[in-house]
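[1] what shape does this take:
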Amino acid sequence: KQQNNSQQQAMLRSRFFQSLRRRCSAAVQNGASSMASSSPASSLWARSLVTQCGLHVDESMPASFDKVLIANRGEIACRVIRTAREVGVKTVAVYSDADGDAQHVRMADEAYRIGPPAAAESYLKGDKVIEIAKRAGAQAIHPGYGFLSENAKFAQLCADEGITFIGPPVPAIEAMGSKSASKEIMEGSGVPCVPGYHGADQSIERLREEAQKVGFPLMIKAWLGGGGKGMRIVHKAEDFDEALDSCKREAMNAFSDDNVLLERYITRPRHIEFQVFADQHGNAVHLFERDCSVQRRHQKVLEEAPAPGMSAELRAKMGQSAVDAAKAVGYVGAGTVEFIFDAETDEYFFMEMNTRLQVEHPVTEMITQKDLVQLQFHVAAGHQIPFAQDELNIHGHSLEARIYAENPYNEFLPATGKLAHVKPPKGAPGKVRVETGVESGDEVKIFYDPMISKLVVWAPNRDAALRDMSRCLREYELAGLPTNIPFLVRSVEHPAFVEGMVETGFIAEHLDDLIPPAEAPSPSLIALAAQAILLQESDRAQFDSSDPNFATDPYSPWNASSNFRVNLPNRRELRLMTTSPEDLSAEQEHKIVVDYDEESDAFDITVDDGEPMRVSGHLQEVASSTTSSSRLHSLIGDERWEANVALDGDDVYVFAKGQQVHVRVPRVTFGASQAAERGAVAPMAGKINKVFVKPGDSVSKGDALLVMEAMKMEHRITANADGVVDAVLFDAGDFVEGGKTLVTFADAAEE
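    Have a look, this model is predicted:
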């Protein structure tokens with residue numbers, strides 16, 4: 001009901017302002033220029049409204065569409081829906097069988113099933129998307145990013161069916177969709193490009209020859225696609241063939257095209273991109289730059305705007321190159337021109353153009369105070385860009401951190417499963433934004449990207465923005481899966497990042513600082529977890545007890561399963577396992593001794609033979625339909641602690657003072673542990689792409705055994721010890737579950 005009321009209020013507000021604009025427009029109609037004129041429309045009536053979710057909606061823009069279908073899922077689908085609500089546009093969601101109860105489905109006005117979980121059978125089915133759009137009466141389709149967003153055939157299909165594709169025209173998608181063709185166009189338009197080979201001859205002999213001409217190190221890149229897929233850095237000639245084979249295979253799986261190009265690899269590069277916008281009347285502008293240099297596996301994890309150290313002169317020069325690139329292909333809508341900036345020479349080179357809205361677009365919205373999704377609606381409906389280049393200004397500084405379900409301690413391996421507890425940080429609208437498509441109880445599924453959310457902050461300057469980002473990351477509560485949040489905290493607090501000394505090699509260069517040896521949680525935090533377990537146990541026992549006298553002494557030893565003995569102190573000993581929020585597999589066992597003091601109603605808790613801590617307090621339940629969570633009010637010695645506690649079965653997650661601990665009672669597991677030590681185990685569910693070994697082969701530690709594809713990326717499974725292969729349990733093309741043994745060694749089999 002609240003959601004429906006919110007939608008109705010947004011629609012009424014939009015209609016009121018539209019009516020007001022029409023009346024104002026009629027009063028000044030004399031001398032006003034036509035909407036179809038070639039000069040940008042006047043911003044006389046511009047009104048920028050910062051919404052509750054931090055969007056800068058311009059109330060003065062005319063209506064665009066009545067109903068839009070969003071051909072996507074997750075956080076970007078939710079993002080588009082939020083703007084649509086604010087401007088009175090009804091939304092239609094599509095969903096796979098894996099997303100039947102997803103947040104974007106619940107938020108949309110209408111939702112339709114599109115197919116099985118695999119993207120190739122659902123979200124990538126363009127004909128099915130068109131069919132649903134026609135059935136729902138949608139006038140336009142917003143593709144989000146990924147999936148069909150840069151698919152020229154789908155854009156053409158929309159045009160053939162009379163449905164507006166909220167994106168660029170087909171020729172622009174085709175021109176910029178090929179990294180090879182786009183570079184030829186850019187060179188012809190005077191936009192600087194990285195030296196390399198972009199030719200059609202894809203024979204291995206020609207590619208080897210061109211690689212020698214380019215020199216090493218070099219970059220192999222798939223012609224199509226993006227997101228770090230189909231990209232390899234090759235440092236020496238003898239590694240070229242294997243890297244090329246892997247790159248082509250990954251590109252074919254992701255984009256159905258294995259053509260590649262070769263480029264000189266710049267050793268100290270920065271990734272700087274410009275947001276561009278163009279309309280159907282020949283107008284084009286840039287909305288300044290974003291620095292996206294902090295990356296892992298060629299995928300961005302931290303973005304900011306404006307770029308640190310960017311001079312006004314260089315910004316103007318690069319911005320003009322970006323606008324020239326858009327005009328060279330007759331671009332319309334939102335696009336991003338990506339440049340590689342050489343930190344040693346101050347040169348910049350065109351890398352590629354993404355013909356869609358970027359994941360990191362919120363930082364541009366924050367510093368320009370423009371809603372890019374609203375502008376997409378506006379331009380796609382045939383209106384002009386409502387401002388000129390000289391009317392745009394940079395306001396403050398913005399940072400975005402991508403929150404992933406992944407393990408930084410295992411080469412950022414993605415994770416899947418249930419999110420037991422999700423509580424984003426709070427902040428004033430316009431200062432803190434969390435773009436997400438999940439909440440407590442939802443799952444991160446193997447079929448899609450493991451990004452949980454995007455945390456975006458804005459402040460008047462970079463220093464303040466860094467402080468706010470650090471605070472918000474520490475306040476972000478996520479439980480159930482390993483995440484990169486502590487890694488992000490260390491990144492934004494690293495002296496090199498604080499000084500703005502960022503390059504694409506930032507993570508590799510500072511890896512020891514960013515991924516240090518895991519530390520045990522503080523004794524105080526473990527004591528809090530133990531207290532939460534004891535209080536929860538007491539509450540549960542009171543609720544379950546049929547003894548009417550039980551409530552008189554809930555901590556009575558007669559009511560606890562412990563090692564209590566008559567004439568001995570009321571003492572319990574617990575064995576608790578703790579894990580890092582980044583690596584849930586790295587467990588540490590702790591001995592907890594608890595003495596209950598009946599007179600003071602407190603516990604004396606000793607952690608790992610340390611000094612006893614006097615702990616008192618109580619649990620306060622927090623109402624939630626998706627998770628069992630409580631607020632723990634505790635006093636440890638003379639220090640007051642306020643902690644949030646999330647319970648998920650036997651797992652307890654405690655969040656306090658920017659720290660987090662996951663605690664569980666030890667369990668005995670069988671089966672996979674020995675294989676993990678002596679053979680190879682699937683780190684997660686996925687498909688076997690290639691097998692390198694057979695029974696009887698001798699392998700050395702680090703040798704590649706096979707290649708798996710999971711979460712849209714290839715993962716090499718290597719031997720963790722010398723040995724002889726006893727059995728290969730799966731073939732190329734097989735789908736395996738996480739934790740399954742893939743390869744066994746002869747010595748393990750004999751045992």
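[2] host element of I592?
    strand 587-597 (DSSP states H and E).
[3] do the same with G500
    Per DSSP H and E, there is no helix or strand for G500.
[4] contacting residues for the closest residue to it other than its chain neighbours?
    Nearest non-adjacent residue to G500, counting by Cβ to Cβ, 6 or more residues apart in numbering: P308, 3.0 Å away. Where C-beta positions appear, they are placed from N, C-alpha and C, glycine not excepted. Contacts for P308 (Cβ atoms under 8 Å, 6 or more residues apart in numbering) come out as D291, R462, G500, V502.
[5] which pLDDT value goes with P308?
    pLDDT, P308: 96.
[6] for the chain, longest strand please?
    Of all the segments assigned as strand in the chain under DSSP state E, the longest by residue count is strand 284-296.
[7] show me what counts as buried in the strand holding I592.
    The neighbour-count check on strand 587-597 (16 or more other Cβ atoms under 10 Å) flags H590, I592, V593, V594, Y596 as buried.
[8] partner residues bridging the residue most central in space within the chain?
    Closest residue to the average C-alpha location of the chain: M451 at 3.0 Å, with Cα atoms, centre = their mean. Under DSSP bridges, the beta-bridge partners of M451 are Y404.
[9] so it sits against A401, correct?
    No. Counting by Cβ atoms under 8 Å, M451 does not reach A401; the two are 10.8 Å apart.
[10] start and end of stretch 590-606, how far apart?
    10 Å (Cα to Cα, to the nearest Å).
[11] ok now it, how far from the chain's centre?
    Offset of stretch 590-606 from its chain centre (Cα atoms, centre = their mean, to the nearest Å): 42 Å.
[12] what does that stretch rub up against?
    Identification of contacts with stretch 590-606 by Cβ under 8 Å, 6+ apart yields 520, 526-527, 530-531, 534, 553, 555, 569-578, 607-609, 612-616.
[13] what mean pLDDT does that stretch get?
    The pLDDT scores in stretch 590-606 average 90.
[14] for stretch 154-171, same thing?
    Averaging pLDDT along stretch 154-171 gives 97.
[15] helices or strands up against the longest strand of the chain?
    Here strand 284-296 touches strand 269-278, strand 299-305, helix 312-328, helix 361-368, helix 506-509, going by 3 or more Cβ pairs under 8 Å, 6 or more residues apart in numbering; DSSP states H and E.
[16] closest one to S149 among the ones you listed?
    helix 361-368 (12.5 Å; Cβ to Cβ).
[17] by how many degrees do whichever helix or strand comes after that closest one and strand 284-296 diverge?
    On the C-terminal side of helix 361-368, the closest following helix or strand by DSSP H and E is helix 372-380. Between helix 372-380 and strand 284-296, the angle comes out at 140 degrees (axes from the mean of the first three to the mean of the last three Cα atoms, to 10 degrees).
[18] take the helices and strands packed on strand 284-296 and write them to CSV, including distance to V681 and mean pLDDT.
    Shown next, in CSV, are these (distance: least, Cβ to Cβ, whole Å; pLDDT from 0 to 100):
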stretch, distance to V681, mean pLDDT
strand 269-278, 35, 97
strand 299-305, 25, 96
helix 312-328, 46, 96
helix 361-368, 38, 98
helix 506-509, 26, 94
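[19] any chance of JSON lines for these, columns mean neighbour count and distance to D257?
    Formatted as JSON lines, the helices and strands packed on strand 284-296 follow (neighbours: other Cβ atoms under 10 Å; distance: least, Cβ to Cβ, whole Å):
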{"stretch": "strand 269-278", "mean neighbour count": "24", "distance to D257": "23"}
{"stretch": "strand 299-305", "mean neighbour count": "25", "distance to D257": "20"}
{"stretch": "helix 312-328", "mean neighbour count": "18", "distance to D257": "22"}
{"stretch": "helix 361-368", "mean neighbour count": "25", "distance to D257": "26"}
{"stretch": "helix 506-509", "mean neighbour count": "17", "distance to D257": "29"}
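[20] pLDDT below threshold where in the protein?
    Applying pLDDT under 70 to the chain picks out residues 1-49, 225-227, 539-569, 623-628, 665-679, 684, 710-713, 747-751.
[21] ok so, going back, tell me the two of the contacts of P308 that are most distant?
    Longest span within the contacts of P308, Cβ to Cβ: R462 and V502, 11.6 Å.
[22] the more surrounded of those two?
    More crowded of R462 and V502, by other Cβ atoms under 10 Å: V502, with 23 against 17.
[23] so that one sits against S293, correct?
    Yes. With contact defined as Cβ under 8 Å, V502 counts as touching S293 (4.4 Å).
[24] still on that earlier bit, how about the contacts made by the residue nearest to the centre of the chain?
    G74, E75, V359, R402, I403, Y404, A405.
[25] how many other residues sit next to the third one?
    The tally of other residues near V359 (other Cβ under 10 Å) stands at 25.
[26] now name the helix or strand holding it.
    Applying DSSP H and E, one finds V359 in no helix or strand.
[27] that one and F730, how far apart?
    Distance, V359 to F730, by Cβ to Cβ, to the nearest Å: 33 Å.
[28] likewise the fifth one?
    When distances are taken as Cβ to Cβ, I403 and F730 turn out to be 32 Å apart.
[29] between these two, which has more neighbouring residues?
    Neighbour count, other Cβ under 10 Å: between I403 and F730, I403 has more, with 24 against 18.
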